[in-house]
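Colleague: For reference, the sequence and a predicted model appear below.
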There are 2 protein chains.
Amino acid sequence: VRIAVLGVGLIGGSIGLAARDRLGATVSGFDPDAENLERAVRIGALDHAAGSAAEALEGVEAVFCAAPVRALGDLVRGALADTGAGCVVSDVGSTKRELSASLAGHPGAGRFIGGHPIAGAETAGVEHARADLFEGARWYLTPNEQSEGTLYHALQSTIAGLGARPQAIDADSHDRLMATVSHLPHVIANVLVGQAAAASTEESEGLPEVGPSFRDTTRVAGANPAIWTDIFSSNGDAVAAEIDAAVERLQQASRLIRSGDRAAVAEWHRAARDSRSALLDAGGGEGPLNEIRVGIENRPGTVAEIALALGRARVNIEDMALYPATEARTGAVTFWVSGNSESQRAAELVRGLGHTATIIGPGAQ
Amino acid sequence: VRIAVLGVGLIGGSIGLAARDRLGATVSGFDPDAENLERAVRIGALDHAAGSAAEALEGVEAVFCAAPVRALGDLVRGALADTGAGCVVSDVGSTKRELSASLAGHPGAGRFIGGHPIAGAETAGVEHARADLFEGARWYLTPNEQSEGTLYHALQSTIAGLGARPQAIDADSHDRLMATVSHLPHVIANVLVGQAAAASTEESEGLPEVGPSFRDTTRVAGANPAIWTDIFSSNGDAVAAEIDAAVERLQQASRLIRSGDRAAVAEWHRAARDSRSALLDAGGGEGPLNEIRVGIENRPGTVAEIALALGRARVNIEDMALYPATEARTGAVTFWVSGNSESQRAAELVRGLGHTATIIGPGAQ
């Protein structure tokens, strides 16, 4: 398999390392920063350092655009122009709606499937790249109704091959989800350190001493300003909406605490404990592996639709296969899912979309 | 030295272990829970398990009340009644104003000096007690104008002997400081998990998967409901005020992010980074040790006043000594302070309070 990486920083470099190491892929790459490109070759992330993006793209089956969010639009459009049918183009940007919307109706948009690996957000630079950066990491994919099934399958397999756990999600939901579980915590960390630093001038000379709870809660404060300015810009409305919701919850907490109602405070605190352990338990696919065979019509969007339905249901697709080739009118797609009840839930969901679904394995009803 | 511990949970048990281990103290203890008391003896935290608080207090020089915040008022009043001149009574509660106010004018209040070790907030139970729990930990002391200097000195020395770093702070400032650097982060962690858990019902089935930034930011969510209900009750107004301030900062952040002003967002984010590293650097006493000799009038409150002034200036008192005995009209107190400029700052502060101060050591002007 031949892969191209456009932009070889931490993520691009790690894709190159993992693809060569785990998939035996041949990886070509380009980066406008010549020093970065040279370093990527030196650490073994690339087989070939190209003189241009177009040169890097010659003969490849998959392209990963790994540039800052603001540069992705032009980079993806260029990659679609320089590649042809059978080549999937993806990216690794932290927000997905803006880019996805900007490509609507663009020639070849059915070959673009956005991506976002949840890894390495806080360090940057190809010098930190490593082949196991994506080991066990969630990697969101944002296909839509234009997405070609065979290319979705190819991308999902490649990403699973890098060691990650791909999951489909629509671009809007992705950005709202990230606003809740990632962008808001970053905003709040910034606010907490600002408030603590300001407290120093009122109470006493010098800064207050902080303890372990403060250190943890604010670990991500001010992380990687270049990346985060992009994130706050490209997902501004969703982040602002989450902040507004947090403000409302904080105002409730303030009223609750002022009320002095011990039982209600204890209940609120206990609920937080329960919610946190439930959240930390979420997303771990466990149990026996089942195969789910699904009959589909072979038209764009069907595979993406199924993958999105399973993603929405938080069903973890461990692996998938697609038959037969692209030209047949009907076909089949097989998913491997962990856990018997998870597999039965997945089959029900697929049937709900109007397809046939058969479970093969210990979860067969 | 003979010490009593009333309440032998994580903190009380660890005080017993550290006092026996590091100070060679004889430690007696009482706990209304007979099983706790027995366990404390078994792990070596106590020399003597008493049948009552009064029995535990016989002949001791220092008492640590280590019960839940709500029970401390009665416990401290009882300990003051059952001990006499020369015995210092302290506590380890997470909030200090309420208790301090409730003791104003109480007989023997000059022998009570509140305390709060910053250690072990998230685990509980004597089974987790250890002799090194306080190693390097900040231990706030909240003397006031009634506090007897010799007893402050004895308590500061005992606590330093347990391995902790004592620092004087007035009770009001302590509670506001804790509201900022500890209680608010806990409230915010609760709010974040509540919001993420609620998101699940809107976007998709099941709970959203969370990443490392969410895990860190919410680590303290719902920690130890019994302790935290007490904290939120006894420091409710300060915590609510901090929440209100955080709400204002979040509303500013929401407006900033909605404005789309990239430069301003980047600046805000960078400021957070700088504030955090400044906060994490705060509180570390370093540099050569100096001795500061201070002439004082021997009346209640003087030593506390000096300790509070140094605490407010974030000067770390490594050790202190007090001469002569309590009955003389004038006396001297010696502080050891790390760092030449710190020592000079400390000497200036002491002179500002109307005392003579001489530095002996490399920081002598």
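Modeller: Now that the structure is in, tell me what you want to look at. Numbering: from 1, shown residues only, chains lettered A, B, ... in the order given.

Colleague: Run a quick neighbour tally on the closest residue to A:Asp281 other than its chain neighbours.
Modeller: Closest residue to A:Asp281 apart from its sequence neighbours, by C-beta to C-beta, 6 or more residues apart in numbering or on different chains: B:Leu207 at 8.0 Å. (Each C-beta comes from the backbone N, C-alpha and C, glycine too.) Using other C-beta atoms under 10 Å in any protein chain shown, B:Leu207 has 20 neighbouring residues.

Colleague: is it true that B:Leu207 touches A:Ala278?
Modeller: Yes. Here B:Leu207 reaches A:Ala278: they are 5.8 Å apart, a contact under C-beta atoms under 8 Å.

Colleague: which neighbours do those two share?
Modeller: B:Ala197 (C-beta atoms under 8 Å, 6 or more residues apart in numbering or on different chains).

Colleague: Helix, strand, or coil at A:Ala347?
Modeller: Counting by DSSP: H, G, I helix; E, B strand; the rest coil, the backbone at A:Ala347 sits in helix.

Colleague: which ones are touching it?
Modeller: A:292, A:357-359.

Colleague: By neighbours, which of the residues you listed wins?
Modeller: Neighbour-wise, these (other C-beta under 10 Å) top out at A:Ile292, 27 neighbours.

Colleague: Could you check which helix or strand contains that one?
Modeller: strand A:289-297 (DSSP states H and E).

Colleague: Sheet-wise, list the partners of that strand with their directions.
Modeller: Paired neighbours of strand A:289-297 in the sheet (DSSP bridges): strand A:330-338 (antiparallel), strand A:356-360 (antiparallel).

Colleague: which helices and strands does the strand or helix carrying A:Ala79 pack with?
Modeller: A:Ala79 belongs to helix A:72-82 when elements are defined using DSSP H and E. With contacts defined as 3 or more C-beta pairs under 8 Å, 6 or more residues apart in numbering or on different chains; DSSP states H and E, the packing partners of helix A:72-82 are strand A:2-6, helix A:53-56, strand A:62-65, strand A:88-91, helix A:97-102.

Colleague: Quick one: those as TSV, columns for mean neighbour count too.
Modeller: Putting these into TSV (neighbours: other C-beta atoms under 10 Å in any protein chain shown) gives the following:
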stretch	mean neighbour count
strand A:2-6	26
helix A:53-56	19
strand A:62-65	27
strand A:88-91	27
helix A:97-102	18
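
Colleague: can you count the residues close to A:Leu280?
Modeller: 16.

Colleague: Send over the strand holding A:Ile292 as CSV, restricted to the C-alpha atoms.
Modeller: Extracted in CSV, the C-alpha atoms of strand A:289-297 (Å, rounded to 0.1, in the frame of the first residue of the first chain):
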residue,chain,number,x,y,z
LEU,A,289,-16.2,-10.9,18.9
ASN,A,290,-19.2,-11.4,16.6
GLU,A,291,-19.4,-11.0,12.8
ILE,A,292,-22.4,-9.1,11.4
ARG,A,293,-23.1,-9.6,7.8
VAL,A,294,-25.2,-7.0,6.1
GLY,A,295,-26.7,-7.0,2.6
ILE,A,296,-26.6,-3.5,1.1
GLU,A,297,-27.3,-1.7,-2.1
